[in-house]
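Novice: sequence-free structure coming up:
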C-alpha cells in the first residue's frame, strides 16, 4: 500500500512538472517507473492529433499527450509507406526525453502487390534510455549497443534534436 501511494504521488508530481528529470530519474529502474506512469496518464488524456504528411509517401500522424497545464509527456508518431511503417514514442519529464521507443516494420513487398503477406513483415525494435540529457542505454532488439560504438553518439544527438524539435512544434 505504501509503495502504491508513493508511486501515485511521484507520478502526480511528474505530471504536474513539479519534479525535475535530474531529481526524479537516476536509474533505468526509475525510467521504467516513469514510463508506466506516463502511459497511465496518457490513457486518461485525449491526444491532440497532428498530421505528418511531409515525412512519408503514405502520410502519417503524431499524437500529442499533454496535461491540462500544457506539459507534454508523450508523443506517438506513425509514418506509413508502401513498403513498411515506422512508429516512435517519445516520453518526456520536465521537457526532456527520458525514453524513446521505435518500431520499424518492413513489408516483404509493397502492400498493394498480391504477394504482400503481413506475416512476412520484418519488425525491428529500438529502445533508448536517457538520464540527465544523455543517452545511457540503447537496445536494438535484444542487442545492447555500447556507448563506444561510433553510431551511439550520432544516434543520441539525432534523437535529442528531434525530441526537442517536437516540443517546439507543439507549443
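Specialist: Cool, got the structure. Keep in mind that what you see is a predicted model, and the values were worked out from it rather than measured.
Novice: what does the lengthiest helix in the chain rub up against?
Specialist: Among the segments of the chain that qualify as a helix by DSSP state H, the longest is helix 150-169. If you take Cβ atoms under 8 Å, 6 or more residues apart in numbering as the criterion, helix 150-169 is touched by 50, 62, 72, 75, 90, 92, 95-97, 100, 128, 130, 133-135, 138, 145-147. Placement of C-beta: from N, CA and C, glycine included.
Novice: List buried residues within those.
Specialist: For the contacts of helix 150-169, a burial check counting by 16 or more other Cβ atoms under 10 Å picks out 62, 72, 75, 90, 92, 96-97, 100, 128, 130, 135, 138, 145.
Novice: Identify the farthest-apart pair in these.
Specialist: Pairwise distances among those were taken by Cβ to Cβ; the largest, 26.9 Å, belongs to 72 and 145.
Novice: And the strands in this structure?
Specialist: Under the criterion DSSP state E, strands of the chain are mapped to 48-51, 60-66, 72-81, 84-93, 96-106, 122-131, 134-140, 143-144.
Novice: Of those strands, flag the one that's most buried.
Specialist: Burial of the strands of the chain is given as mean neighbour count (mean count of other Cβ atoms under 10 Å); strand 84-93 ranks first at a mean of 21.
Novice: Using CSV, lay out the strands of the chain together with distance to residue 33 and mean pLDDT.
Specialist: Shown next, in CSV, are the strands of the chain (distance: least, Cβ to Cβ, whole Å; pLDDT from 0 to 100):
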stretch, distance to residue 33, mean pLDDT
strand 48-51, 26, 92
strand 60-66, 18, 95
strand 72-81, 14, 94
strand 84-93, 11, 96
strand 96-106, 11, 97
strand 122-131, 13, 97
strand 134-140, 15, 96
strand 143-144, 21, 96
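Novice: Now render those as a markdown table, adding distance to residue 153.
Specialist: Converted to a markdown table, those look like this (distance: least, Cβ to Cβ, whole Å):
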| stretch | distance to residue 153 |
| --- | --- |
| strand 48-51 | 29 |
| strand 60-66 | 26 |
| strand 72-81 | 23 |
| strand 84-93 | 19 |
| strand 96-106 | 15 |
| strand 122-131 | 13 |
| strand 134-140 | 8 |
| strand 143-144 | 16 |
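Novice: Could you tell me the per-residue confidence at the most far-flung residue of the chain relative to its centre?
Specialist: Using Cα atoms, centre = their mean, the residue of the chain lying farthest from its centre is residue 114. It sits 33.4 Å away. If you check residue 114, the pLDDT there is 95.
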